[in-house]
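> Based on what follows, work out the 3D shape:
(one chain, ligands or ions: 1)
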Amino acid sequence: MAKSVTEISRGLAAGKFSSVEVTQDYLARIAEFNPSLNCFISVTDELALAQARQADDRRAGGEADALTGVPLAHKDLFCTDGVRTSCASRILDNFIAPYDAKVIENFKSAGAVMLGKTNMDEFAMGSSNENSHYGCVANPWNTAHVPGGSSGGSAAAVAAGLAPGASGTDTGGSIRQPAAFCGVTGIKPTYGRVSRYGMIAFASSLDQGGPFARSAEDCALLLRTMAGFDRRDSTCSEQAVPDYPASIGRGVEGLKIGLPVEYFAEGLDSKLAAVIETAVDELRRLGAEIQDISLPNTGLSIPTYYVVAMAECSSNLSRFDGVRFGYRCEDPVDLEDLYKRSRGEGFGAEVKRRILIGTYALSAGYYDAYYLKAQQLRRMIKDDFQKAFSSVDLILGPTTPGVAFRIGAKTDDPVSMYLQDIYTISLNLAGLPGMSLPVGFVDGLPVGMQLIGNYFDEAGLLNAAHSYQQVTDWHLQTPELKV
Ligand code: GLN
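Purely as a prediction, here's the structure:
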């Protein structure tokens, strides 16, 4: 069976197989392995087959896009017209979206097929997928371990071959960290590159959608379709979308890559560090020039993020009130009771924790001390990157401090869970693009390397990752699955 988005696209174009056949293959794998992995909240079999038939007709009519007929999975926070969009929350368990997110619209007009909606941390809050109303996703490499979060279902689905590509969102690392934990490739674009219209909001100034796939080449294909201006998202960029697949064969000869000393310091697992160093040597052999750089305010990123993200989520989530969307408590005695019990029963513990902290940080008298202060620190973090990019083209480091941890290992310690995002969060605060690609294993679990680019240099990231993937085969490894 063809495994990558690129192979499927080529096979369809060459008439080697039909979209209906490929879609049936994936649906069969989902039926076999999803019960143990729990990657999907909803599987849309009938819709997928109807879309596949349409795609085959479109190809027969000679009007195909590269993605026409390619089956994909979507994180369950992208609104999908007529299909349940739960955000992995009890409060939206019964919510059928009445329209498509821009990202979904784009995939639909390209003729891609939707296999289903993937599991995630509730409202994208988490680093392990343990905060889902529908239960945790199992890491396909070792099912006792987490897949990462919040887009864990999408990452695990690609790793397990239940979909060749999938969408995700990244507010503080939710594409890159699960990509690293599951051994797949994922890219978080520049803030504003992909429309947030119809993407259920967590922290609006940080959220950004992006793709997961096995390789940078596949991500380039998917991102070309996801990205682009949309007037319904006022922060969406008008910059033209480059032809990413056409810009990835340039090699890395002479490319200046900076290693932040702060990313290779205390807290980084030593075996994981050794794997990253081997990957750096590979890039050096390919002609990249490696140098040390400093991002001195790295240590401020987690506290800054947890003020900004929680403040914004407390405001965004106020719309879930039991009146307009989703879950409503039984027999409310009055309006206040309806609000309190619908929200109290509908939201999970982590979401409530964040709404409480965010509301506190935004309250009169504390706003200046927390939110305003956090915005000032955010500027300092951004300035660190701008300074670094005056001497290097890309920045490289680990995606996570360690490999995927065991399910349950960190659930009682939110701070230790929050520290997972130490290398990923600062990019969201600065609005920069970043990606994670697999570069080896520690104790049988995948290691992800992070590449960080300057604003709108997604092509530069994809090109460097593709160069590395041309001479290594970590991205081709697949886990052995048990039913
Ligand atoms: N792990 C981070 C959090 O819990 C980031 C989540 C995300 O990127 N959506 O907020």
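> which parts of the stretch 151-300 of the chain sit against the ligand?
Taking CB under 6 Å from any ligand atom as the criterion, the stretch 151-300 of the chain approaches the ligand at residues D170, T171, G172, G173, S174, F202. (Each C-beta comes from the backbone N, C-alpha and C, glycine too.)
> try 8 Å this time
Taking CB under 8 Å from any ligand atom as the measure of proximity, the stretch 151-300 of the chain contacts the ligand at 151, 169-175, 177, 202-203, 206-207.
> Show the contacting residues for the residue nearest the centre of the chain.
Most central residue of the chain, judged by C-alpha distance to the mean C-alpha position with CA atoms, centre = their mean, is I175 at 2.3 Å. Listed by CB atoms under 8 Å, 6 or more residues apart in numbering, the contact partners of I175 are S151, G168, T169, G186, I187, K188, G210, F212, S436.
> nearest to the ligand, of those?
Distance to the ligand across the contacts of I175 (CB to the nearest ligand atom) is lowest for T169, with 6.2 Å.
> Quickly list what the closest one is bridged to.
Applying DSSP bridges to T169 gives these bridge partners: G209.
> and it, how far is that from G346?
T169 is 21 Å from G346, where distance means CB to CB, to the nearest Å.
> okay, the two: which has more neighbours?
When neighbours are counted by other CB atoms under 10 Å, T169 and G346 differ, and T169 comes out ahead with 27 against 23.
> wait, what's in contact with that one?
Contacts of T169 were listed using CB under 8 Å, 6+ apart, and they are K75, L77, A124, S150, S151, I175, M199, F202, D207, Q208, G209, G210.
> is it true that the last one touches Y191?
No - G210 sits out of contact with Y191 when judged by CB atoms under 8 Å, with a separation of 11.1 Å.
> Can you give me the distance of the residue lying farthest from the centre of the chain to F17?
For the chain, the largest distance from the centre (CA atoms, centre = their mean) belongs to V333, which lies 40.9 Å off. Plainly put, V333 is 59 Å away from F17 if you go by CB to CB.
> What of Y455?
To F17, Y455 is 40 Å away according to CB to CB.
> cool, S270 as well?
Counting by CB to CB, the gap between S270 and F17 amounts to 46 Å.
> between the two, who's got more neighbours?
Neighbours were tallied for S270 and for F17 using other CB under 10 Å; the higher tally belongs to F17 (16 against 7).
> quick one: secondary structure of the more buried one?
Secondary structure of F17, reduced to three states by DSSP: H, G, I helix; E, B strand; the rest coil: coil.
> So for it, what's the nearest residue that isn't a sequence neighbour?
With CB to CB, 6 or more residues apart in numbering as the measure, G11 is the residue that lies nearest to F17, at 5.5 Å, once sequence neighbours are left out.
> Could you list the low-pLDDT ranges of this structure?
Across the chain, the stretches falling below the confidence threshold (pLDDT under 70) are 1-2.
> where along it do the strands fall?
40-43, 71-75, 113-118, 165-169, 185-188, 209-213, 256-260, 289-293, 394-398, 434-442, 445-453 (DSSP state E).
> Quick check: which of these is buried the most?
Across the strands of the chain, the average number of neighbours (mean count of other CB atoms under 10 Å) peaks for strand 185-188, which reaches a mean of 32.
> That one pairs with which strands?
Strand 185-188 has these partner strands in its sheet, going by DSSP bridges: strand 209-213 (antiparallel), strand 434-442 (antiparallel).
> Nearest to the ligand: which residue in the stretch 251-400 of the chain?
In the stretch 251-400 of the chain, the residue that lies nearest the ligand is A309 (5.5 Å; CB to the nearest ligand atom).
> so who does that residue touch?
Under the criterion of CB under 8 Å, 6+ apart, the neighbours of A309 are T171, G172, F202, A203, L206, R354, G358.
> Of those, which pair is most distant in space?
Taking every pair in these and measuring CB to CB, the maximum separation is 14.1 Å, between G172 and G358.
> More neighbours: these two, which one.
Set side by side, G172 and G358 show more neighbours around G172, with 30 against 25, by other CB under 10 Å.
> Quick one: distance of stretch 416-423 to the chain centre.
When C-alpha coordinates are averaged (CA atoms, centre = their mean, to the nearest Å), stretch 416-423 and its chain have centres 16 Å apart.
> go on, stretch 261-271?
Taking the mean C-alpha point of stretch 261-271 and that of its whole chain, the gap between them comes to 23 Å (CA atoms, centre = their mean).
> now do stretch 142-162
11 Å.
> What residues of that stretch count as buried?
Along stretch 142-162, the positions that meet the burial threshold by neighbour count (16 or more other CB atoms under 10 Å) are 142-143, 145-162.
> cool, stretch 264-276 as well?
In stretch 264-276, the ones that count as buried by 16+ other CB under 10 Å are L268, D269, L272, A273, V275, I276.
> What is the end-to-end distance of it?
Stretch 264-276 stretches 10 Å from its first residue to its last (CA to CA, to the nearest Å).
> gap between that stretch and the chain center?
How far stretch 264-276 lies from its chain's middle: 23 Å, per CA atoms, centre = their mean.
> near the ligand, which residues of the stretch 1-150 of the chain?
Remark: the part of the stretch 1-150 of the chain in contact with the ligand comprises D121, A124, M125, G126, S127, G149, S150, using CB under 8 Å from any ligand atom.
> Please report which of those residues has the highest neighbour count.
When neighbours are taken as other CB under 10 Å, the top entry among those is S150 (34 neighbours).
> Quick one: residues contacting it.
By CB under 8 Å, 6+ apart, S150 lies in contact with M120, D121, A124, M125, G126, S127, N129, N131, T169, T171, S174, P178.
> where's it relative to V308, distance?
S150 sits 16 Å away from V308 when distances are taken as CB to CB.
> and if you look at D281?
Between D281 and V308 the computed distance is 37 Å (CB to CB).
> For the two, indicate the residue with more neighbours.
Set side by side, D281 and V308 give different neighbour counts by other CB under 10 Å, the larger being at V308 (26 against 11).
> For D383, see how far away that one is.
Computed as CB to CB, the V308 to D383 distance reads 16 Å.
> Could you do C219 as well?
When distances are taken as CB to CB, C219 and D383 turn out to be 29 Å apart.
> Tell me which of those two has more neighbours.
Comparing C219 with D383 by neighbour count (other CB under 10 Å), the higher total belongs to C219, at 33 against 13.
> got a list of what N34 touches?
With contact set as CB under 8 Å, 6+ apart, N34 has these partners: F40, V43, L162.
> Over to S342?
Neighbour list for S342: I91, F320, D321, G322, Y327, R328, C329, P332 [criterion: CB under 8 Å, 6+ apart].
> Adding neighbour count, write those out as TSV.
Formatted as TSV, these follow (neighbours: other CB atoms under 10 Å):
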residue	neighbour count
I91	26
F320	25
D321	18
G322	22
Y327	19
R328	17
C329	16
P332	15
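> Go through the residues you listed and flag which are in helices.
Among these, the subset assigned to helices under DSSP state H is empty.
> Tell me the one of these nearest A364?
Ranking the contacts of S342 by separation from A364, with CB to CB as the measure, puts D321 on top at 22.2 Å.
> Find the nearest non-adjacent residue to the closest one, please.
Counting by CB to CB, 6+ apart, Y339 is the residue found nearest to D321 once chain neighbours are left out, at 5.4 Å.
> Brilliant, that's me finished.
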